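Student: Take a look and give me a structure for this.
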Amino acid sequence: YKNAWRKTLFNHFHDILPGSGVLETREHALGELSKILGYTYAGRSRALTHLAASIDTSSVETDFDKESFVDGAGMGYKNVAETNSSLVRGLETQTSDTGCGKTRIMHIFNSTAYNRQEVYEFPLWDWPGDPACLTITDAEGCRVPFETGKEGGHFWAHESTQIKALVKVPAFGYQTLIISEGESSELPFNKFPDQPLVETYKSFTLENEFVKVSFDRNMQMVSFYDKEKQVEQINEASAYFSLVAQNHKMTTLMPGNAWVEGYPLKEENLNQICPVYVTEINQHGGIQDSITYEMPYKQSKIKVKAALDAGSKMVVYHVDADWHEAFSAEQGIPALKFNVPFAFETDTYDYKIACGIIQRPSLEHDVPALGLGAAYNEKADQSLVLLADSIYAYRGEQNALKLTLLRASQYPDQYPEYGKHEYRIGVGLCQKDAYHQADHRFRYPLQAITNTSHQGTLPLCQSFLSLSSNLVMSGMKTSEDGRYLVLRVYEAAGKSGQAWLSVDNLADITAADIIENELELALSRTGDKVSFDVRPNEMLTFKCRLNETE
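Tutor: Predicted structure coming up:
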């Protein structure tokens with residue numbers, strides 16, 4: 001991790017971080033990123049494997065066959081990464097001790113400070129049971145709602161079934177799923193097959209118990225209706241892609257156009273000027289509804305899946321951009337944008353930054369944000385948020401939130417964006433005091449690892465750490481002397497008050513400064529829960545010693 005962190009910090013150099021270096025700079029940075037991901041994902045796999053080996057799964061009987069062909073089924077399989085984050089594509093945690101037979105064990109891990117109930121998608125490899133009798137239960141024996149998708153199928157001599165399950169996972173902890181064959185929950189005589197001679201046209205709508213989202217035939221969002229508060233958040237063409245041609249001829253302080261975003265010469269709504277081919281509509285009101293479309297533009301193509309999960313107020317866009325546009329002396333600098341105009345008026349916008357939220361006025365240029373921009377709707381007493389997993393160029397102006405996804409500047413790198421890019425973008429609703437929670441849920445996907453039946457010291461479901469709602473976890477590490485667990489938090493509500501944290505199996509805890517020297521801070525402890533006073537936006541560091549375990 002130290003080597004990975006040093007390489008990460010080197011990539012924070014002022015021309016590497018914004019992508020304004022020469023070709024060799026970009027190639028070097030991407031090579032170092034590959035090493036960083038190699039270190040960190042191998043470390044995560046080791047950690048999850050160790051935790052799985054410590055969980056007592058002896059109450060669940062599974063088959064064991066050392067000659068089983070199932071164990072290697074997931075190696076090289078990319079679909080799990082594709083459904084989670086553009087940054088982990090192809091580098092997902094590999095499964096170990098997969099088990100075989102009709103009963104499988106899977107642990108879902110949550111690395112955020114919030115209890116989560118959301119859809120988790122995973123492949124079930126070489127399952128020999130009856131698909132109509134597939135059942136999933138959690139650690140408490142409760143049935144887990146799920147649905148099987150059309151994805152999966154044959155992969156290198158293995159068969160997989162893609163499953164979307166609505167799981168509940170505690171904060172900084174894990175949940176166990178037991179996948180087995182049970183009684184069929186489907187009644188054959190209640191299933192009405194599609195009429196082969198009747199073509200049925202579906203509406204371009206995604207809806208669940210909280211929101212109803214409508215699109216036009218060009219897949220522009222034209223309505224985002226909050227069913228709880230009965231408020232329309234969007235009432236015009238929104239959530240569309242645009243191509244902006246930027247002026248490169250204006251004299252600027254910097255000699256290269258990679259550093260300065262020129263004024264727009266023109267902007268074209270790609271959803272309106274390009275053919276939009278809707279390729280699939282899934283509308284069954286179950287775990288996840290989605291609409292998939294693709295849109296060619298000159299030499300490029302954008303593929304999009306817009307999905308709405310059960311229990312969610314967020315439409316998630318899975319975007320694949322195969323980008324082949326470049327700078328032209330006649331046309332200027334092409335920049336791909338994602339624009340979200342909304343139905344209410346505001347002069348200010350909220351953005352997530354390091355250790356907090358900053359409010360900025362409406363501006364005619366991009367501003368940096370750590371994956372979240374928001375506009376507060378007074379009538380609804382909540383915010384419309386725009387989330388991104390790997391984009392930091394936000395803009396709030398003229399009652400719209402915007403993202404700059406790609407910008408093909410010409411100097412010093414002639415083709416800085418050429419090739420394939422993947423993003424996850426979220427358009428949804430949340431309370432102002434829940435910005436951090438929305439961001440963490442979006443950017444830190446759940447992780448899973450499979451297991452077999454064996455003895456262990458940990459229960460089937462566990463939360464190791466929890467925080468009061470006014471705190472955000474900023475960092476967690478081993479102390480430099482190797483003796484403590486170091487936790488770094490900050491006050492996120494901008495208010496003085498009392499806060500607490502609870503650490504499972506806590507022996508003792510002390511406050512420390514940022515270089516881990518102990519500090520005086522009044523701590524009140526009851527069991528594993530420790531309370532203390534915080535000031536607005538204050539950062540605090542704690543050194544925790546845990547009880548020895550077997």
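Student: For residue 379, list the residues it contacts.
Tutor: Residue 379 sits next to 231, 344 when contact means CB atoms under 8 Å, 6 or more residues apart in numbering. C-beta here means a position set from N, CA and C on the backbone, and glycine is covered the same way.
Student: Can you classify it as helix, strand or coil?
Tutor: The three-state label given to residue 379 by DSSP: H, G, I helix; E, B strand; the rest coil is coil.
Student: just residue 43 next, same as before
Tutor: Judged by three-state DSSP, the three-state class of residue 43 is helix.
Student: Look up how far residue 473 lies from residue 139.
Tutor: Plainly put, residue 139 is 24 Å away from residue 473 if you go by CB to CB, to the nearest Å.
Student: Equivalent analysis for residue 390, please.
Tutor: Between residue 390 and residue 473 the distance is 21 Å, computed by CB to CB.
Student: And residue 537, by the same measure?
Tutor: 15 Å.
Student: between the two, which one's more packed in?
Tutor: residue 473 (20 against 14; other CB atoms under 10 Å).
Student: Spit out the contact partners of the more buried one.
Tutor: Counting by CB under 8 Å, 6+ apart, residue 473 touches 112-113, 467, 487-489.
Student: And residue 242, by the same measure?
Tutor: Counting by CB under 8 Å, 6+ apart, residue 242 makes contact with 267-270, 336-339.
Student: Just give me the closest of these to residue 130.
Tutor: Nearest to residue 130, judged by CB to CB, of those is residue 338 at 43.3 Å.
Student: leaving aside the residues next to it on the chain, what's closest to that closest one?
Tutor: Distance criterion CB to CB, 6 or more residues apart in numbering; nearest residue to residue 338, sequence neighbours excluded, is residue 403 at 4.5 Å.
Student: tell me the contacts of the one you found?
Tutor: The neighbourhood of residue 403, defined by CB under 8 Å, 6+ apart, consists of 337-338, 373, 386, 388, 391, 393-395, 425.
Student: farthest pair in the residues you listed?
Tutor: Distances among the contacts of residue 403 were taken as CB to CB; the most separated pair is 395 and 425, at 14.2 Å.
Student: Wait, a helix at residue 109?
Tutor: No: Residue 109: not assigned to a helix; according to three-state DSSP it is strand.
Student: now it: how far from residue 132?
Tutor: Taking CB to CB, one finds residue 109 at 30 Å from residue 132.
Student: Who has more neighbours out of these two?
Tutor: More crowded of residue 109 and residue 132, by other CB under 10 Å: residue 109, with 19 against 11.
Student: what's across from that one in the sheet?
Tutor: For residue 109, the beta-bridge partners are residue 174, residue 447 (DSSP bridges).
Student: List the contacts of it.
Tutor: Residues in contact with residue 109 (CB under 8 Å, 6+ apart) are 48, 51, 169, 173-174, 446-449.
Student: would you list those residues in a markdown table and tack on neighbour count and distance to residue 221?
Tutor: Compiled in a markdown table, those are given as follows (neighbours: other CB atoms under 10 Å; distance: CB to CB, whole Å):
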| residue | neighbour count | distance to residue 221 |
| --- | --- | --- |
| 48 | 21 | 37 |
| 51 | 18 | 40 |
| 169 | 28 | 30 |
| 173 | 19 | 35 |
| 174 | 27 | 35 |
| 446 | 21 | 27 |
| 447 | 22 | 30 |
| 448 | 22 | 31 |
| 449 | 23 | 36 |
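Student: which of those lies closest to residue 521?
Tutor: Lowest distance from residue 521 to these (CB to CB) belongs to residue 173, with 26.4 Å.
Student: just checking, next helix/strand downstream of the helix or strand harbouring residue 335?
Tutor: Following DSSP states H and E, one finds residue 335 within strand 333-341. Going down the chain from strand 333-341, the next helix or strand is strand 348-353, by DSSP H and E.
Student: which secondary structure elements does the following helix or strand past that next one contact?
Tutor: Moving toward the C-terminus from strand 348-353, the next helix or strand (DSSP H and E) is strand 356-361. If you count contacts as 3 or more CB pairs under 8 Å, 6 or more residues apart in numbering; DSSP states H and E, strand 356-361 packs onto strand 348-353.
Student: go again using 10 Å as the cut-off
Tutor: In terms of contacts (3 or more CB pairs under 10 Å, 6 or more residues apart in numbering; DSSP states H and E), strand 356-361 is packed against strand 348-353, strand 367-368, strand 372-377, strand 393-396, helix 435-443.
Student: partners of whatever helix or strand comes next after the third one in the sheet?
Tutor: From strand 372-377 onward toward the C-terminus, using DSSP H and E, the following helix or strand is strand 382-388. Each strand paired with strand 382-388, and its direction, by DSSP bridges: strand 372-377 (antiparallel), strand 419-430 (antiparallel).
Student: For the stretch 51-200 of the chain, which segments count as helices?
Tutor: 79-82 (DSSP state H, counting those that start in this stretch).
Student: Give me the residue ranges of the chain where confidence is low.
Tutor: Applying pLDDT under 70 to the chain picks out residues 64-98, 150-153, 155, 184-196, 549-550.
Student: go with 80
Tutor: Residues of the chain meeting the criterion pLDDT under 80: 64-100, 149-158, 183-201, 251-256, 285, 548-550.
Student: Give me the buried entries from the contacts of residue 242.
Tutor: 269-270, 336-339 (16 or more other CB atoms under 10 Å).
Student: Residue 105 and residue 62 touch, don't they?
Tutor: Yes: assessed by CB atoms under 10 Å, residue 105 is found in contact with residue 62 at 6.3 Å.
Student: shared neighbours, these two?
Tutor: Common contacts of residue 105 and residue 62, defined by CB atoms under 10 Å, 6 or more residues apart in numbering, comprise 97-99, 178, 180, 450-454.
Student: From the residues you listed, list just the buried residues.
Tutor: 97-99, 178, 180, 450-454.
Student: Residue 122: which of these is nearest?
Tutor: Of all these, residue 122 sits closest to residue 450, with 9.2 Å by CB to CB.
Student: Next secondary structure after the helix or strand containing the closest one?
Tutor: Per DSSP H and E, residue 450 falls inside strand 447-451. The C-terminal neighbour of strand 447-451 among helices and strands, as given by DSSP H and E, is strand 462-463.
Student: which other helices and strands contact that next one?
Tutor: Counting by 3+ CB pairs under 10 Å, 6+ apart, the packing neighbours recorded for strand 462-463 are strand 173-181.
Student: Give me the angle between the strand it packs on and strand 447-451.
Tutor: Relative orientation of strand 173-181 versus strand 447-451 (axes from the mean of the first three to the mean of the last three CA atoms, to 10 degrees): 50 degrees.
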